[in-house]
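Asks: Sequence first, then the predicted structure, then my questions.
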Amino acid sequence: MADAQARESSRRQFSWRQAALWSIPVLWCVGVYGAGFDPVTRDLKEQAFHDGQGDVVDAILLFFSKDSDERLYYAYANWMVGDPSTDKGYVAEHIGASPDVYPEPSTQAQVPYRDFPVEYPPGALAFIVLPRLIAPGIVGYRHALGILATLALLASFLAAMRIRRAARPGLGATGDSSILAWGAAFSVPLGYLIVCRIDIFCAALAAWGLVAVLERRNVLAGILLGLGAAVKLWPGFLVPVAIAWLAGQRRWRDSTVVGAVSAAAFLAVHLPFLLVAPDGVAAVYRYHGERGLQIESVASSLLILARSVGLVDANVLKTHGAFDLDSPVGPALASLLRMAVPGIVLVLAGLAAWRARKAIAVTDGAGLARLLVSSIAAMLAAVLVASPILSPQYLLWLLPFALVPDALPGRGRAWFLVLAFLGAVLYPHLYPRLRKLLPAMVAVLVARNGILVVLAVRAVARGRAAWEGSGTGEASPVPTVPVSPPRAPCS
């Protein structure tokens with residue numbers, strides 16, 4: 001009865017304000033960012049600006065025009081469906097590989113990992129080929145990808161609302177409006193990354209996986225997190241934290257189910273390709289394991305500062321389709337950080353288990369939900385700090401969780417918005433200046449990474465506030481023993 005009344009109250013409280021907030025990210029991502037040039041025209045216009053030509057209208061459209069990752073996806077999709085218009089030269093240049101490893105354009109459908117190398121795990125293939133099945137041609141492909149990505153963004157908003165209802169049930173419709181408002185704000189600087197990368201699909205899977213954990217739908221949670229890890233590995237980082245949080249409450253069966261099902265889902269996606277091309281699948285993980293220090297990473301920003309005062313020798317080098325910092329200490333430091341990331345995940349999972357064991361005696365279900373959300377947000381922030389690669393789209397990992405009140409400490413949502421805007425300054429249109437390590441761009445990079453480090457440290461070290469919250473929303477109620485109403489005397 002109470003649940004039915006809550007749903008009816010939520011329907012009554014829906015307002016035109018909420019409808020407008022829903023429409024902002026849609027119009028922004030599909031309309032504004034979708035209004036840019038097709039990739040070929042974009043390259044011509046961009047070259048014209050480098051030559052000192054172009055007008056104001058072109059400048060505005062260029063700013064909102066997406067970068068070129070959709071062309072890489074489009075080439076992969078064309079090979080999979082047998083479209084001979086694939087530009088293998090572009091793919092080889094983008095990845096930094098020899099064109100000889102890629103097949104010639106053909107009407108024969110090619111099998112990924114066996115007939116051509118792919119830099120993404122098998123789960124990513126579904127999101128890469130689906131826009132090609134919806135719309136042929138590069139322009140149609142980029143618009144289809146943008147629309148699908150925007151739907152995934154809205155799904156992330158919905159997941160954040162469900163998480164908020166578990167963690168802050170007393171906020172009501174105001175809490176949903178707050179999430180929509182912040183989500184619309186985040187869409188402004190992150191829109192170009194949302195619509196031309198597949199990372200937002202991972203974020204949606206991870207967020208709904210967390211919803212399933214909170215709602216005790218353990219099989220579904222394992223499936224979603226396992227599928228997310230099969231697209232890009234990072235959603236798998238949520239699994240140890242969720243298992244530890246469940247184990248800290250002595251929910252041993254639930255933790256076993258989440259872990260086993262997520263592993264099974266991950267392996268199920270890989271299995272067909274492992275059977276036909278085991279070396280090709282293994283090459284994906286070797287490829288990423290060999291990558292160096294990307295110039296946007298926190299470690300690189302420290303080395304760049306050391307370089308500016310003559311302590312180390314460092315230059316920018318393009319490798320593995322990215323711009324890395326070439327330094328005598330770079331390879332060893334990248335390897336060290338790569339090994340440190342899983343260690344950080346396990347340590348923070350252990351911290352989540354310890355906090356859950358303490359919190360279960362002093363808080364209610366909402367407090368435990370706040371603990372899980374804040375533990376995941378802290379873990380992801382710490383991973384971003386430690387990662388040797390910090391591509392601009394990696395901020396999308398945190399997006400659904402940053403929307404939830406108290407997931408990040410203090411004014412966490414405001415600081416995340418600052419991070420997103422600083423990232424938009426760095427990439428894509430001023431990125432050539434960062435590659436040259438110009439002082440102004442280095443200052444922006446150091447500021448962004450510095451804020452990220454402070455946010456991560458505060459998130460990890462927040463103590464009881466992890467389940468009590470930082471003051472936004474209602475206070476966590478103290479659990480009490482329910483008292484039955486007195487019985488009427490017998491007549």
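Replies: In hand now; what should we look at?
Asks: Where does the prediction get shaky in the chain?
Replies: For the chain, residues meeting the criterion pLDDT under 70 lie at 1-22, 24, 26-40, 42-43, 46, 49-68, 173, 469-491.
Asks: Domain ranges for it, per the record?
Replies: Using automatic domain parsing, the domain parsing of the chain gives 21-103+114-196, 198-278, 290-470.
Asks: Comparing these, which comes out most buried?
Replies: Mean neighbours per residue, mean count of other CB atoms under 10 Å, is largest over the domains of the chain for domain 198-278, with a mean of 21. Where you see a C-beta, it was placed from the backbone N, CA and C, and this is true even at glycine.
Asks: Show me how far that one is from its chain's centre.
Replies: A distance of 15 Å separates the centroid of the chain from that of domain 198-278, by CA atoms, centre = their mean, to the nearest Å.
Asks: ditto for stretch 449-458
Replies: Relative to the centre of its chain, stretch 449-458 is centred 17 Å away, using CA atoms, centre = their mean.
Asks: Only alpha carbons, please: show it as CSV.
Replies: As requested, the backbone C-alpha atoms of stretch 449-458 are provided in CSV (Å, rounded to 0.1, in the frame of the first residue of the first chain):
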residue,chain,number,x,y,z
ASN,A,449,44.2,16.4,-12.3
GLY,A,450,44.8,18.2,-9.0
ILE,A,451,41.1,18.5,-8.4
LEU,A,452,40.6,14.9,-9.3
VAL,A,453,43.3,13.8,-6.8
VAL,A,454,41.8,15.9,-4.0
LEU,A,455,38.3,14.5,-4.8
ALA,A,456,39.6,10.9,-4.8
VAL,A,457,41.5,11.3,-1.5
ARG,A,458,38.5,12.9,0.2
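Asks: So which residue is smack in the middle of this protein?
Replies: W397 (2.1 Å; CA atoms, centre = their mean).
Asks: who are the neighbours in contact with the closest residue to D115 other than its chain neighbours?
Replies: Spatially, and ignoring its direct neighbours in sequence, D115 is nearest to P103 (5.7 Å; CB to CB, 6 or more residues apart in numbering). Residues near P103 by CB atoms under 8 Å, 6 or more residues apart in numbering: 79, 88, 110, 115-116.
Asks: Show the contacting residues for the nearest residue to A160 once chain neighbours are set aside.
Replies: Nearest residue to A160 in three dimensions, chain neighbours excluded: L403, at 4.0 Å (CB to CB, 6+ apart). For L403, the contact set (CB under 8 Å, 6+ apart) comprises 156-157, 160, 164, 179, 182-183, 186, 413.
Asks: tell me the secondary structure for the residue nearest to D115?
Replies: Classification of P103 using DSSP: H, G, I helix; E, B strand; the rest coil returns coil.
Asks: So it versus G350, what's the distance?
Replies: Going from P103 to G350 by CB to CB, to the nearest Å gives 47 Å.
Asks: cool, V101 as well?
Replies: Applying CB to CB, the value for V101 to G350 is 42 Å.
Asks: Repeat that for L205.
Replies: To G350, L205 is 25 Å away according to CB to CB.
Asks: can you give me the strands for the stretch 201-350 of the chain?
Replies: Shown for the stretch 201-350 of the chain, the strands assigned by DSSP state E, counting those that start in this stretch span residues 315-319, 322-326.
Asks: who touches the last one?
Replies: The contact list for strand 322-326, computed with CB under 8 Å, 6+ apart, reads 291-295, 300, 303-304, 314-318, 330, 389, 391, 435.
Asks: go with 7 Å
Replies: Strand 322-326 is contacted by residues 292-295, 300, 303-304, 314-317, 435 when judged by CB atoms under 7 Å, 6 or more residues apart in numbering.
Asks: And the contacts of L403, which two are furthest apart?
Replies: Among the contacts of L403, the pair separated by the greatest distance (CB to CB) is R164 and F186, at 15.3 Å.
Asks: List phi and psi for R114.
Replies: R114 has phi and psi values of phi -90, psi -50 when expressed as degrees, to the nearest 10.
Asks: how close does the closest residue to it other than its chain neighbours get to P117?
Replies: Distances taken as CB to CB, 6+ apart put A277 closest to R114, at 3.7 Å, once the chain neighbours are dropped. Here A277 is placed at a distance of 10 Å from P117 (CB to CB).
Asks: ok so, going back, can you redo the strands of the stretch 201-350 of the chain as JSON lines with distance to G170?
Replies: JSON lines is the format used below for those (distance: least, CB to CB, whole Å):
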{"stretch": "strand 315-319", "distance to G170": "50"}
{"stretch": "strand 322-326", "distance to G170": "45"}
